[in-house]
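1. Structure for the following, please:
(one chain, ligands or ions: 1)
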Amino acid sequence: MARIELDHIRHAYMANPQSADDYALKEVHHQWSDGGAYALLGPSGCGKTTLLNIISGLLKPSEGQIRFNGADVTNLSTEERNIAQVFQFPVVYDTMTVFDNLAFPLRNRGLPEADVKKRVTETLEMLDLSDRANKRARGLTADQKQKISLGRGLVRRDVNAILFDEPLTVIDPHLKWVLRSELKKLHRRFGFTMVYVTHDQTEALTFADKVVVMYEGEIVQIGTPDELFRRPAHTFVGYFIGSPGMNIVPIKLDQGRARLGEHVIDIPGATPMPGKMELGIRPEFVTLGREGMPISISKVEDIGRHRIVRAQLADHDIAVVVPEDGDIPADPRVTFVPEGINLYADSRRVETRG
Ligand SMILES: Nc1ncnc2c1ncn2[C@@H]1O[C@H](COP(=O)(O)OP(=O)(O)OP(=O)(O)O)[C@@H](O)[C@H]1O
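-> Have a look, this model is predicted:
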């Protein structure tokens with residue numbers, strides 16, 4: 001398996017790009033560790049597939065260098081990079097048996113038949129396909145075929161990385177959960193370097209050690225699920241991760257205090273900065289009660305374990321998470337839990353020395 005270094009990578013699909021907006025992938029400069037499980041998460045069109053294809057070798061970046069364990073692979077093909085890939089739709093040889101489909105990449109590399117048998121049998125068991133080993137792939141359901149594709153990616157142990165491009169799209173919801181847990185187990189057992197593209201936050205957060213959040217051609221944060229929740233580095237991360245997303249309200253910042261409309265919120269250590277200032281606070285860190293800033297409630301959604309209160313605070317929409325048995329007073333007010341407050345200047349998080 002390999003450490004993947006992305007050294008000042010940029011990519012434009014057009015010839016002669018002029019400005020940053022002409023790049024589908026703006027500058028990416030990161031190092032991903034050997035054996036890491038990374039999820040590339042972001043909305044449609046943010047550049048996930050572009051970055052994945054650059055790693056796999058399907059696409060040569062307009063600028064920059066990509067290295068595996070220090071060796072430059074920028075000009076190498078996928079084959080030469082020794083990468084396994086699993087795509088959104090199954091890639092399966094219909095006329096071969098399920099067993100032979102999985103054995104194919106191993107036999108191709110001349111692995112002794114006894115090892116082929118051992119690996120394939122193990123992988124079939126993991127994917128719960130053992131009883132179909134000798135059946136032809138033709139006639140299997142779409143999700144069984146996709147399991148074969150996953151199996152073909154996982155059966156090899158010698159690859160530098162396994163790349164997954166929205167691999168569970170065609171899988172039914174229950175099986176999705178099962179396969180995600182299996183992938184996680186496999187990762188722990190074999191220490192594969194895995195890169196997994198998805199636009200589904202649940203999928204990303206349950207699969208990955210590190211989630212790489214992309215937005216408009218940029219990596220805006222790489223973090224653990226907990227870091228993305230507590231300290232979103234960009235307002236987009238706050239909004240995109242979490243359900244509901246982070247509340248983001250414009251503020252004016254003085255030394256140590258933020259003004260939100262006529263309200264004042266103490267933020268020790270905060271200093272005024274140039275740029276558009278915003279305060280971000282997750283609905284879980286807003287306390288509803290009889291003290292604090294008055295809100296007007298527009299809706300209460302009961303979602304079982306807790307309720308989501310939708311309200312206006314100083315003319316801005318906010319969401320508040322209230323425990324199932326929590327009180328909603330007639331004159332509702334809110335306070336912000338200090339540790340849940342994040343400050344943003346032009347959408348980027350700024351540290352306070354509170
Ligand atoms: N072959 C191409 N030629 C020109 N533009 C492209 C090409 N492929 C992608 N793009 C553009 O590059 C940007 C990033 O696309 P990309 O497919 O990497 O995004 P994505 O995050 O994977 O989206 P999705 O989740 O919809 O697959 C988009 O604006 C897209 O229209």
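
2. got the contact list for I341?
-> I341 makes contact with 265, 267, 279-281, 285, according to C-beta atoms under 8 Å, 6 or more residues apart in numbering. Yep, even glycine has a C-beta here, placed from its N, CA and C like the rest.

3. same question, I265
-> Taking C-beta under 8 Å, 6+ apart as the test, what I265 contacts is 251, 257-259, 279, 336, 341.

4. Got the confidence number for the closest residue to T235 other than its chain neighbours?
-> For T235, ignoring the flanking residues on the chain, the nearest one in space by C-beta to C-beta, 6 or more residues apart in numbering is S347 at 4.6 Å. What the model reports as pLDDT for S347 is 97.

5. How about the one 3 residues further on?
-> Model confidence at V350, expressed as pLDDT, equals 94.

6. cool, P173 as well?
-> Reported pLDDT for P173: 83.

7. E218 too?
-> 96.

8. next one: phi and psi at it?
-> phi -130, psi 150 (degrees, to the nearest 10).

9. Compute the distance between the nearest residue to it once chain neighbours are set aside and I4, please.
-> Closest residue to E218 apart from its sequence neighbours, by C-beta to C-beta, 6+ apart: K26 at 4.7 Å. In this view, K26 and I4 are 18 Å apart by C-beta to C-beta, to the nearest Å.

10. what's the answer for H263, then?
-> 46 Å.

11. Could you do G280 as well?
-> For G280, the distance to I4 - C-beta to C-beta - is 31 Å.

12. For stretch 182-190, give the mean pLDDT please.
-> 83.

13. Pull the residues that contact that stretch.
-> Counting by C-beta under 8 Å, 6+ apart, 37, 126-127, 150, 154, 157, 192, 194, 196, 206-207 sit against stretch 182-190.

14. Output that stretch as CSV - backbone C-alpha positions only.
-> In CSV, the C-alpha atoms belonging to stretch 182-190 read as follows (Å, rounded to 0.1, in the frame of the first residue of the first chain):
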residue,chain,number,x,y,z
GLU,A,182,-17.5,-4.9,5.8
LEU,A,183,-15.2,-2.4,4.0
LYS,A,184,-14.4,-0.9,7.4
LYS,A,185,-13.5,-4.3,8.8
LEU,A,186,-11.4,-5.1,5.8
HIS,A,187,-9.6,-1.8,6.1
ARG,A,188,-8.7,-2.6,9.7
ARG,A,189,-7.6,-6.1,8.9
PHE,A,190,-5.5,-5.4,5.8
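
15. burial measure for K185, as a count.
-> K185 has 11 neighbours, counted by other C-beta atoms under 10 Å.

16. That one is in what secondary structure piece?
-> helix 173-190 (DSSP states H and E).

17. next structured bit after that helix?
-> Helix 173-190 is succeeded, C-terminally, by strand 194-198 (DSSP H and E).

18. give me every residue that touches M14.
-> Contacts of M14 (C-beta under 8 Å, 6+ apart): D22.

19. for it, phi and psi?
-> Residue torsions, per degrees, to the nearest 10, at M14 are phi -90, psi 160.

20. can you tell me how far it sits from E216?
-> From M14 over to E216 (counting by C-beta to C-beta), the distance is 16 Å.

21. For K26 and I4, indicate the residue with more neighbours.
-> I4 (22 against 18).

22. returning to what we had before: my hunch is that the residue nearest to E218 is in a helix, does that hold up?
-> No - according to DSSP: H, G, I helix; E, B strand; the rest coil, K26 belongs to no helix; its state is strand.

23. give the contact list for it.
-> 10, 20, 216-218.

24. Could you do R231 as well?
-> With C-beta under 8 Å, 6+ apart, R231 has these contacts: 223, 342, 349.

25. Quick check: residues of the stretch 151-300 of the chain near the ligand?
-> H199 (C-beta under 6 Å from any ligand atom).

26. Tell me where the stretch 151-300 of the chain has helices.
-> 173-190, 201-207, 225-230, 235-240 (DSSP state H, counting those that start in this stretch).

27. Can you tell me which of those helices is most buried?
-> Comparing the helices of the stretch 151-300 of the chain by mean neighbour count (mean count of other C-beta atoms under 10 Å), helix 235-240 ranks first with a mean of 23.

28. Quick check: closest non-adjacent residue to E278.
-> Nearest to E278 is Y344, by C-beta to C-beta, 6+ apart, at 4.4 Å.

29. Would you mind listing where the stretch 251-354 of the chain has pLDDT under the threshold?
-> For the stretch 251-354 of the chain, the stretches with pLDDT under 70 are 353-354.

30. Tell me the residue of it that sits nearest the ligand?
-> S347 (19.0 Å; C-beta to the nearest ligand atom).

31. Pull the contacting residues for the residue lying closest to S181 once chain neighbours are set aside.
-> In space, and not counting its chain neighbours, S181 is closest to T206: 7.9 Å by C-beta to C-beta, 6+ apart. Contacts for T206 (C-beta under 8 Å, 6+ apart) come out as 180-181, 184.

32. Export these as JSON lines, with columns for distance to A311.
-> Formatted as JSON lines, the contacts of T206 follow (distance: C-beta to C-beta, whole Å):
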{"residue": "R180", "distance to A311": "35"}
{"residue": "S181", "distance to A311": "37"}
{"residue": "K184", "distance to A311": "38"}
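
33. With respect to R310, which of the residues you listed is nearest?
-> R310 lies nearest to R180 out of the contacts of T206, by C-beta to C-beta, at 31.1 Å.
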